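A.B. asks: Predicted model and sequence follow; I will ask about them next.
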Amino acid sequence: MTAADDAVRAVGGNAALPAAEETRTVDVVVVDDHPLYRLGLVALLGSLDGVRVVGQAASAAQARAVLGLDSSDGRPGAPSTVPPATSAAQPDVVLMDVDLGDGSGVDVTRDLVRARPGVRVLVVTMHEDADVVVAAVRAGARGYLVKSASPAEVERAVRSVADGAMILAPAVAERAMAYVVGGRSAARVPFPQLTDREREVLDLVAAGLDNTSISRRLVLSPKTVRNHVTNVLTKLAVRDRAAAIVRAREEGLGGA
């Protein structure tokens with residue numbers, strides 16, 4: 001059993017909670033760009049005693065608007081896929097995806113924690129990469145769960161993070177420990193929303209290589225390289241290759 005598990009109060013059972021905890025409500029905002037997962041998570045959380053969903057967002061821009069970090073969604077004319085917020089939500093916990101299509105959940109987390117230190121962020125994502133774990137925690141996340149976590153694990157993590165504890169899913173904790181034991185630097189990782197391969201492709205794009213040269217360098221098919229480049233443009237929310245090169249060089253990539 002990990003220290004994080006020890007810090008998490010058991011959920012359910014017949015033990016009576018103190019009166020103060022019985023009446024406490026944990027307000028939650030869910031940020032995820034996958035509608036089915038987001039709506040399922042909202043439904044799960046809404047079914048739990050003492051947990052109330054006070055907002056949801058399908059993108060980084062919408063998250064900033066819902067959380068009062070930005071006055072607009074940044075995309076004029078873009079249709080909203082979540083209920084509009086009449087005022088900034090005041091959550092205790094924010095469940096935050098890393099890949100949000102129009103931006104990075106890590107960046108939103110960093111801005112949120114700076115603006116409202118009392119809000120706890122629980123990162124819920126597909127990633128199990130130690131670099132992403134480090135980036136999320138350095139940005140201020142208090143917990144990290146993979147999307148394969150069971151409903152009980154999600155509930156336990158939400159309540160634990162709301163109480164001020166830090167919690168990592170077992171799969172992620174193991175990888176993060178290997179990262180530390182391996183002696184790798186915990187320096188800021190550029191574009192943590194990218195996979196290692198996508199970051200490698202972006203590095204070569206920033207160095208001026210075309211897709212054919214990249215495919216030869218990485219021993220990949222040209223189609224695979226094109227797909228990686230398309231994913232990079234989408235995740236960085238840039239319109240073309242030139243804009244991606246500018247962003248990459250600003251972050252120190254392109255020295256290949």
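C.D. replies: Sure, I can see it.
A.B. asks: use CA for all of it now, contacts and neighbours both
C.D. replies: Fine.
A.B. asks: List the residues that contact Thr234.
C.D. replies: 101-102 (C-alpha atoms under 8 Å, 6 or more residues apart in numbering).
A.B. asks: what's the distance between it and Leu100?
C.D. replies: The span separating Thr234 from Leu100 equals 10 Å under the rule C-alpha to C-alpha, to the nearest Å.
A.B. asks: so what pLDDT did the residue sitting nearest the centre point of the chain get?
C.D. replies: Nearest to the geometric centre of the chain sits Val98, at 2.5 Å (C-alpha atoms, centre = their mean). In this model, Val98 is scored at 86, pLDDT.
A.B. asks: Output the helix ranked longest in the chain as PDB, restricted to C-alpha atoms.
C.D. replies: In the chain, taking DSSP state H as the definition, the longest helix is helix 222-236. The C-alpha coordinates for helix 222-236 follow below in PDB (Å, rounded to 0.1, in the frame of the first residue of the first chain):
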ATOM      1  CA  PRO A 222       6.000   8.900 -45.000                       C
ATOM      2  CA  LYS A 223       2.300   8.400 -44.100                       C
ATOM      3  CA  THR A 224       3.100   7.800 -40.400                       C
ATOM      4  CA  VAL A 225       5.200  11.000 -40.400                       C
ATOM      5  CA  ARG A 226       2.400  12.900 -42.000                       C
ATOM      6  CA  ASN A 227       0.000  11.600 -39.300                       C
ATOM      7  CA  HIS A 228       2.400  12.700 -36.500                       C
ATOM      8  CA  VAL A 229       2.700  16.100 -38.000                       C
ATOM      9  CA  THR A 230      -1.000  16.500 -38.300                       C
ATOM     10  CA  ASN A 231      -1.400  15.400 -34.600                       C
ATOM     11  CA  VAL A 232       1.200  17.900 -33.600                       C
ATOM     12  CA  LEU A 233      -0.500  20.800 -35.400                       C
ATOM     13  CA  THR A 234      -3.800  19.800 -33.800                       C
ATOM     14  CA  LYS A 235      -2.400  19.500 -30.300                       C
ATOM     15  CA  LEU A 236      -0.400  22.800 -30.500                       C
END
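A.B. asks: need the next SSE after that helix, C-terminal direction.
C.D. replies: Following the chain from helix 222-236 toward its C-terminal end, the next helix or strand by DSSP states H and E is helix 241-250.
A.B. asks: Could you list every helix and strand in contact with that following helix?
C.D. replies: When contacts are defined as 3 or more C-alpha pairs under 8 Å, 6 or more residues apart in numbering; DSSP states H and E, helix 241-250 packs onto helix 196-206, helix 222-236.
A.B. asks: all helices of this protein, in order?
C.D. replies: According to DSSP H, the helices that the chain contains are 3-7, 19-22, 35-46, 60-66, 105-115, 130-138, 151-162, 170-181, 196-206, 211-218, 222-236, 241-250.
A.B. asks: which one of those helices is the most hemmed in?
C.D. replies: Using mean count of other C-alpha atoms under 10 Å, the stretch among the helices of the chain with the largest mean neighbour count is helix 60-66, at a mean of 25.
A.B. asks: now that helix: how far from the chain's centre is it?
C.D. replies: 13 Å (C-alpha atoms, centre = their mean, to the nearest Å).
A.B. asks: Then stretch 88-106?
C.D. replies: Put simply, stretch 88-106 sits 6 Å off its chain's centre (C-alpha atoms, centre = their mean).
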